[in-house]
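Pasted the sequence and its predicted model underneath.
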Amino acid sequence: MTDASMLAGAFWVRPARMEDLEAVVRVQNAQEMADFGRLLSNGESLKRLWQGSKLDLQADTWVVGTPDGGIVSYASVRGRGQVRLFASVWLLPEYSGHGIGRYLLRRAEERAGSWVVEAPPGARVTMGASWIGERNQRAQRLLEHAGYEKIYSFAHMDLELDEPSAPLPVDGEIVIRAFSPGDDERAIYAADEECARDERGHVPETFEAWRQWHISDTTLLFVAWDGSEVAGLVSGSQGFIAHLGVRTRWRRRGLGMALLRHIQGEFARQGLRLMKLNVDTLSSTGACRLYERAGMHTRFCYHTFEKELRAGQDIRF
């Protein structure tokens with residue numbers, strides 16, 4: 001077991017193992033119910049993260065347990081080689097107050113600190129903590145005391161799906177069609193990076209990194225084409241909208257709503273009864289207003305906190 005002398009009580013700490021998957025999901029779900037009133041995590045998504053290339057399970061994760069072997073907390077850190085690093089700490093609510101969250105945050109910071117030299121020279125490097133529930137005042141105070149600032153606030157919105165929505169007309173010769181593997185990737189990448197310039201804190205990605213992260217699942221990826229140009233795109237899975245973007249030239253023409261209604265119809269045809277998404281409440285594109293006009297409602301809010309690990313220049317286009 002890893003040294004846990006900084007923890008009160010008889011807790012042990014070690015890296016997560018694949019056999020811990022169900023126990024860790026239970027920890028995540030317990031905190032989600034306390035913070036958001038609903039379950040958000042599942043074993044499949046966590047398994048993909050643990051088996052993927054973005055996380056070293058042995059070095060980038062920790063679980064905390066009790067003498068009887070039960071796991072009560074889980075933490076991870078990711079972003080090696082990047083300028084924006086992220087830590088996640090999950091804790092069974094009944095174990096708050098034992099210093100576990102503070103201990104794991106410190107361990108994550110130590111690991112992330114060793115990556116700073118791998119970031120581009122001269123670039124500002126930050127450590128973030130996201131999915132901090134508005135209800136979880138203890139976690140917010142812990143982060144503030146550790147030198148973090150609240151930089152983003154997000155709304156989780158949803159809409160009940162009664163039946164497939166009618167497609168909306170769009171200006172000009174724009175056509176919305178499904179993603180075509182092998183043909184569309186480069187054009188979509190360039191368009192998506194342009195859309196993302198308006199996202200606060202966006203850091204440009206290489207084509208390979210973008211392809212691995214954004215189009216690993218293209219089952220429900222739809223692209224709006226204006227002739228040979230990509231005007232916008234929307235993607236999602238299991239009722240969740242992962243991404244919706246419209247390029248600057250095509251904004252204020254109803255394309256965002258048309259893309260939203262298009263994937264809404266696909267979700268309904270799959271027999272799903274709820275469409276969900278997360279949106280930056282201070283988005284400069286007015287995304288919140290778009291979703292409210294579409295009939296979506298905010299169910300809970302959460303925040304992202306950030307701490308500077310190395311001063312420098314923010315990487316932008």
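Yep, that arrived.

what's whichever strand in the chain runs longest packed up against?
The strand that spans the most residues within the chain, counting by DSSP state E, is strand 297-310. Where contact means 3 or more CB pairs under 8 Å, 6 or more residues apart in numbering; DSSP states H and E, strand 297-310 is packed against helix 21-36, helix 100-113, strand 125-133, helix 137-145, strand 149-160. (Each C-beta comes from the backbone N, C-alpha and C, glycine too.)

Pull the distance from it to the chain's centre.
With CA atoms, centre = their mean, to the nearest Å as the basis, strand 297-310 stands 10 Å off its chain's centre.

pLDDT of it, averaged?
On average, the pLDDT along strand 297-310 is 96.

Then stretch 165-174?
The pLDDT scores in stretch 165-174 average 75.

Mind listing residues that contact it?
Stretch 165-174 has contacts (CB atoms under 8 Å, 6 or more residues apart in numbering) with 176, 224-227, 231, 250, 253-255, 257-258, 261-262, 264-265, 268.

before we move on, back to that, format the helices and strands packed on strand 297-310 as TSV; extra columns: mean pLDDT and mean neighbour count.
Shown next, in TSV, are the helices and strands packed on strand 297-310 (pLDDT from 0 to 100; neighbours: other CB atoms under 10 Å):
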stretch	mean pLDDT	mean neighbour count
helix 21-36	97	18
helix 100-113	97	20
strand 125-133	96	21
helix 137-145	97	15
strand 149-160	95	17
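
what about these, which gets the closest to residue 12?
Minimum separation from residue 12 across the helices and strands packed on strand 297-310 (CB to CB) falls at helix 100-113, 11.5 Å.

Now do that closest one against strand 297-310, angle only.
If you take axes from the mean of the first three to the mean of the last three CA atoms, to 10 degrees, helix 100-113 sits at 50 degrees to strand 297-310.

so what strands line up beside the longest strand of the chain?
Each strand paired with strand 297-310, and its direction, by DSSP bridges: strand 125-133 (antiparallel), strand 149-160 (antiparallel).

In that strand, which of the residues would be classed as buried?
Under the neighbour-count criterion of 16 or more other CB atoms under 10 Å, strand 297-310 has 300, 302-307, 309 buried.

that older thread, can you select the buried ones from the contacts of stretch 165-174 in ChimeraX?
Applying 16+ other CB under 10 Å to those, the buried members can be selected in ChimeraX as follows:
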select :176,224,225,226,231,250,253,254,255,257,258,261,262,264,265,268
